[in-house]
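Novice: Okay, sequence plus prediction incoming.
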Amino acid sequence: MTRKIILDCDPGHDDAIALMLAHGNPDIDLVAVTTVGGNAFLDKVTRNALGVMTMAGITDVPIAAGCTRPLLRQVEEAAEHGESGLDGVVLPPPTVALDPRHGVDLIIDTVMAAPPGTITLVPTGPLTNIALAIRQRPELVDRVQEVVLMGGGVHVGNWSPVAEFNIKTDPEAARIVFEAAWPVTMVGLDVTHQALATDQVNDRIAALGTPLAEFVLGLFRFFRQAYRDTQGFDFPPVHDPVAVARVIDPSIVSVVRAPIVVETVGEHTLGMTVTDLRRTAAADCHTQAATALAADRFWDLVVDAIDRLGKAKTDA
Ligand code: RIB
Ligand code: CA
């Protein structure tokens, strides 16, 4: 069964790979893309999304810009993505037009136009757009099939010792999303830190021999240096496509059901996704957290999607 998804993103090097996986994998129907201020300011991430979609031949999917900033706080751009938000590559002039609607309205319109329970939301940036969508149309909570988001973590933080960037950027929006009574799968740093773009992964991508493969290698070259400089990683964790992989094949990303609440007031714990592993059998639990990644099978999906898109673009 093809899964229809809306990707709400802030490209971002790993968001770019999530876009490619979402459009390149035959089991996913990418029905809309929305952008949100996060890794970089909204104008940058939106320009980046248009450029990546053009480069990858994703030209028949509506894309709209969403919220410029979190509900209450300011955007703190992430150094891991450079000044442009997608340093390391030259984007082609976009051939994709921006939908005139606000991203929140594109999300609402897309979900309401589809049969109930057929659209999955895959946010890979701060959750501002998603929170406002269910505040504007609360019925989305019952209509959306599930939310599978990249963000948070059970035992791992990156923007603080206990909080992850997407959640900590807009903790109030995250709290709204996690508290809503829809199925939420948190694909957090516990597993995305296993999605490393190693030398072997780069060699597999280089062997594809297409301009898109070269583009991805340029993304990974910058991302690797940035993660080495900022967080001491040997290889960069490519976070966002792990959430897409969970939708494609749930067996690739193991999960545990557990209540998850977002800290919105802690002086030292702001943005922490507090996961109660003592209550995994709670009857009213609608949240689950990712705990393990089948990394080889994950990269098989990513490399295959890049190959499919690269060849389709070359043949076009
Ligand atoms: O913490 C990693 C997340 O923050 C990823 O989504 C990355 O793109 C950044 O948005
Ligand atoms: Ca992201």
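Specialist: Happy to help now that I have it. Keep in mind that this is a model prediction, so the values were computed, not measured. Ligands and ions are numbered 1, 2, ... in the order given.

Novice: so F215 touches T54, yeah?
Specialist: No. With contact defined as CB atoms under 8 Å, F215 does not count as touching T54 (10.8 Å). Heads up, the C-betas are built off the backbone N, CA and C, glycines and all.

Novice: Among the two, which residue is more densely surrounded?
Specialist: Neighbour count, other CB atoms under 10 Å: between F215 and T54, F215 has more, with 24 against 17.

Novice: For the more buried one, give me the pLDDT.
Specialist: Looking at F215, its pLDDT is 98.

Novice: Okay, it and ligand 2: tell me how far apart.
Specialist: Computed as CB to the ion, to the nearest Å, the F215 to ligand 2 distance reads 18 Å.

Novice: hang on, that residue is in a helix, isn't it?
Specialist: Yes. Counting by DSSP: H, G, I helix; E, B strand; the rest coil, F215 is located in a helix.

Novice: which residues sit in contact with it?
Specialist: F215 is in contact with M55, V89, counting by CB atoms under 8 Å, 6 or more residues apart in numbering.

Novice: can you check D276 too?
Specialist: A258, P259, I260, V261, A282.

Novice: Can you turn the buried part of those into a PyMOL selection?
Specialist: Those of these that count as buried under 16 or more other CB atoms under 10 Å are selected in PyMOL with:
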select buried, resi 258+259+260
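
Novice: near ligand 2, which residues of the chain?
Specialist: D10, G12, D15, T124, G125, D240 (CB under 5 Å from the ion).

Novice: Would you reformat the residues you listed as TSV and include secondary structure and neighbour count?
Specialist: As requested, the residues of the chain next to ligand 2 are exported to TSV (DSSP: H, G, I helix; E, B strand; the rest coil; neighbours: other CB atoms under 10 Å):
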residue	secondary structure	neighbour count
D10	coil	34
G12	coil	30
D15	helix	31
T124	coil	31
G125	coil	31
D240	coil	33
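
Novice: Which one of those is nearest to V201?
Specialist: Checking these against V201 with CB to CB, the nearest one is D240 at 15.3 Å.

Novice: Going along the chain, name the strands of the stretch 151-300 of the chain.
Specialist: Listed in chain order, the strands of the stretch 151-300 of the chain (DSSP state E, counting those that start in this stretch) span 184-187, 253-257, 260-262, 273-275, 287-293.

Novice: Show me which of those strands has the highest average neighbour count.
Specialist: The highest mean neighbour count among the strands of the stretch 151-300 of the chain, using mean count of other CB atoms under 10 Å, belongs to strand 184-187: a mean of 26.

Novice: Listing partners with orientation, what would you give for that strand?
Specialist: Sheet partners assigned to strand 184-187 using DSSP bridges are listed as strand 146-150 (parallel), strand 287-293 (parallel).

Novice: Using PDB, list the CA coordinates for it.
Specialist: The C-alpha trace of strand 184-187 is given here as PDB (Å, rounded to 0.1, in the frame of the first residue of the first chain):
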ATOM      1  CA  VAL A 184       2.900  10.200  17.100                       C
ATOM      2  CA  THR A 185       6.200   8.400  16.400                       C
ATOM      3  CA  MET A 186       9.300  10.200  17.700                       C
ATOM      4  CA  VAL A 187      12.300   9.400  15.600                       C
END
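
Novice: Briefly note if that strand comes near ligand 1.
Specialist: No. Strand 184-187 stays out of contact with ligand 1 when judged by CB under 6 Å from any ligand atom, the minimum separation being 9.7 Å.

Novice: mean confidence for that strand?
Specialist: 98.

Novice: Over to stretch 13-32?
Specialist: Averaged over stretch 13-32, pLDDT sits at 98.

Novice: coming back round to it: would a markdown table of the strands of the stretch 151-300 of the chain with distance to L72 be doable?
Specialist: As requested, these are arranged in a markdown table below (distance: least, CB to CB, whole Å):
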| stretch | distance to L72 |
| --- | --- |
| strand 184-187 | 21 |
| strand 253-257 | 30 |
| strand 260-262 | 13 |
| strand 273-275 | 18 |
| strand 287-293 | 23 |
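
Novice: for ligand 1, what are the nearby residues on the stretch 151-300 of the chain?
Specialist: By CB under 6 Å from any ligand atom, the residues of the stretch 151-300 of the chain that approach ligand 1 are N158, E164, F165, N166, H239, D240.

Novice: Which of those residues fall within helices?
Specialist: Of the positions in these, F165, N166 sit in helices, assigned by DSSP state H.
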